[in-house]
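Undergrad: Sharing a model prediction with you, sequence too.
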Amino acid sequence: MEAAPLPVSLTNSKLIYDALKECDIGLVSALPETWLVHLIRLADDDPEMILVRLAKEEEGVGISAGANFAGVKSAMLMQNHGFLASINGIVSFAHLYKIPLLMLISYRGTFGERDPWQTQGGNVTEPLLRALAIPYSFLDAGESVKKRIRQAQRLAESSLQPVALLLMRDLMWEE
Amino acid sequence: MLRLECLQSVYAELEKRLVVTIMGAVAAELQSLGHRPNFFYLQHAMGLASSTGLGLALCLPQQKVIVFDGDGSLLMNLGTLSTMARYSPSNLLHVVFDNESLLSVGGFPTATSAGTDLEGMARAAGIPKTTTVRTVETFKSAVIEALGGQKLTTIIAKVEATGPSAYVTGLALIENRFQFARHIQSLKKP
């Protein structure tokens, strides 16, 4: 029996992907999670994009640093629990060595969440971003996606530090 | 076999490559042989030197990238073996100095001292070529062979748990980072 397709927004995933392309993103690292399925497929189907599928999200910090040294702009696709799993890499590589990171983080465990296992991570995501002094904003409506991704990437590059965009349920989930 | 002797034996081979090392003894000993702008020392973030090398190798297919890893660092990010193997860039060489010890914090034994076989793990992860070496001569020939070949290679070099007297060097981390990036930029100019 085939599972019913999940109501992840293909339209808005395409908007995000196109915005990344307009920012000249040439490498995407990713660890799959439900809200990211279309984005990862779009990267996989794009012959110009280097897609690196990770075992654990922290690897993405090193891979993005290598890409940055090589002059290639990159983005990291992860869930907020993947952000939690990346924190040592963020602090002791990206912050220590001033590496720009564009982190797109699906913000699970907030209002509307049905999966009990996501809820604790939802509670601590923003407090941790603030504790780490990581500038962050939200992707919550299609019309602002392009501008906000551009702004986030610009800030990451000018400040040489990680910047986070939180992918919100209202944008990613059609239900 | 000493790690410093191994580094010395291949130092000349490093001139035209991009080199990423882990922190601690590897970084200090390579610098003691002479820093070059194509050397980047990841002085923390244990486990991510190989990920950095993978990012470099995938983005710069024309360059040969060498990572000098260690048992303690690799054990912190074993998933890197499966990620490297998945993409298997032929321009990446992964060298692991296995001294069976977390040397810089006082020499606490790692799991390789109790039988964990990093070469076996690399092979089982799908790294196309793996080898374990115990002499400087075999180390040098394994490195030269891998640099001349077209296969992602992991070399486990079993070395003694001895290191330099000091780990902090005169090279500022940030200076190293920007010099390394500028060096790569200079390679792209016609």
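TA: All right, it came through fine. Residues are numbered from 1 along each chain as shown, chains lettered A, B, ... in the order given.
Undergrad: Residues in a beta bridge with the most centrally placed residue in chain A, which ones?
TA: In chain A, the residue lying closest to the centroid (Cα atoms, centre = their mean) is residue A:104, at 1.6 Å. Beta bridges link residue A:104 to residue A:77, residue A:165 when assigned by DSSP bridges.
Undergrad: tell me which parts of chain B are close to chain A?
TA: When proximity is defined by Cβ under 8 Å from any Cβ of the partner chain, chain B lies next to chain A at B:20, B:40, B:42-45, B:47-60, B:77, B:79-80, B:82-83, B:86-87, B:173-174, B:177, B:180-181, B:184-185, B:188. Bear in mind the C-beta positions are built from the backbone N, C-alpha and C, glycine included.
Undergrad: ok, now with 7 Å
TA: Proximity of chain B to chain A (Cβ under 7 Å from any Cβ of the partner chain) is limited to residues B:42, B:44-45, B:48, B:51-56, B:58-60, B:77, B:79-80, B:82-83, B:86-87, B:173-174, B:177, B:180-181, B:184-185, B:188.
Undergrad: Give me the below-cutoff pLDDT ranges for chain B.
TA: Within chain B, the segments meeting pLDDT under 70 span B:190.
Undergrad: Check it for its longest helix and report it.
TA: Determined from DSSP state H, the single longest helix within chain B is helix B:173-188.
Undergrad: chain center to that helix: distance?
TA: For helix B:173-188, the distance from its own C-alpha centre to the chain's C-alpha centre is 18 Å (Cα atoms, centre = their mean, to the nearest Å).
Undergrad: which residues make contact with that helix from outside it?
TA: Helix B:173-188 is contacted by residues A:69-71, A:96-98, B:18, B:37-38, B:40-41, B:43, B:63 when judged by Cβ atoms under 7 Å, 6 or more residues apart in numbering or on different chains.
Undergrad: Contacts for the top helix by length along chain A, please.
TA: Ranked by number of residues, the top helix in chain A under DSSP H is helix A:142-159. Outside helix A:142-159, the residues within contact range by Cβ under 7 Å, 6+ apart are A:12, A:15-16, A:19-20, A:22-23, A:100-102, A:135, A:137, A:139, A:162-163, A:165, A:171.
Undergrad: Could I get the average pLDDT for it?
TA: Averaged across helix A:142-159, pLDDT comes to 98.
Undergrad: With just CA atoms, put that helix into CSV.
TA: The C-alpha coordinates for helix A:142-159 follow below in CSV (Å, rounded to 0.1, in the frame of the first residue of the first chain):
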residue,chain,number,x,y,z
GLY,A,142,5.7,32.9,0.2
GLU,A,143,5.8,36.6,-0.7
SER,A,144,8.8,37.3,1.7
VAL,A,145,10.8,34.2,1.0
LYS,A,146,13.1,35.6,-1.7
LYS,A,147,13.9,38.8,0.0
ARG,A,148,14.6,37.2,3.4
ILE,A,149,16.9,34.5,2.0
ARG,A,150,18.8,37.2,0.2
GLN,A,151,19.0,39.3,3.3
ALA,A,152,20.1,36.3,5.4
GLN,A,153,22.9,35.4,3.0
ARG,A,154,24.1,39.0,2.8
LEU,A,155,24.3,39.2,6.5
ALA,A,156,26.1,35.8,6.8
GLU,A,157,28.7,37.0,4.2
SER,A,158,29.2,40.5,5.6
SER,A,159,29.4,39.4,9.3
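Undergrad: buried stuff in that helix?
TA: Along helix A:142-159, these residues count as buried under the neighbour rule (16 or more other Cβ atoms under 10 Å in any protein chain shown): A:145, A:146, A:148, A:149, A:152, A:153, A:156.
Undergrad: what's the answer for stretch B:37-45, then?
TA: Buried-residue list, stretch B:37-45, by 16+ other Cβ under 10 Å: B:38, B:39, B:40, B:41, B:42, B:43, B:44, B:45.
Undergrad: Also stretch B:6-25?
TA: Per 16+ other Cβ under 10 Å, stretch B:6-25 contains these buried residues: B:6-10, B:13-14, B:17-25.
Undergrad: which of these lies closest to residue B:118?
TA: residue B:22 (13.8 Å; Cβ to Cβ).
Undergrad: is it true that the closest one touches residue B:69?
TA: Yes. The criterion here is Cβ atoms under 7 Å, and residue B:22 meets it with residue B:69 at 5.7 Å.
Undergrad: Do you have the strands of chain B handy? List them.
TA: B:18-21, B:39-41, B:65-70, B:92-98, B:101-102, B:108-109, B:129-133, B:153-158 (DSSP state E).
Undergrad: which of the contacts of helix A:142-159 count as buried?
TA: A:12, A:15-16, A:19-20, A:23, A:100-102, A:135, A:139, A:162-163, A:165, A:171.
Undergrad: Those residues of chain A touching chain B, which are they?
TA: Residues of chain A that fall close to chain B, judged by Cβ under 7 Å from any Cβ: A:27, A:50, A:52-56, A:59, A:61-67, A:69-72, A:88-89, A:92-93, A:96-98.
Undergrad: Okay, and which of those residues map to strands?
TA: Among the residues of chain A next to chain B, the members found in strands (DSSP E) are A:27, A:50, A:52, A:53.
Undergrad: which ones are touching the first one?
TA: Okay, so that is residue A:27. Each residue near residue A:27 by Cβ under 7 Å, 6+ apart is listed here: A:50, A:52, A:67, A:72, A:74, B:59.
Undergrad: could you redo the last one with a cut-off of 8 Å?
TA: A:49-52, A:63-64, A:67, A:72-75, B:55, B:58-59 (Cβ atoms under 8 Å, 6 or more residues apart in numbering or on different chains).
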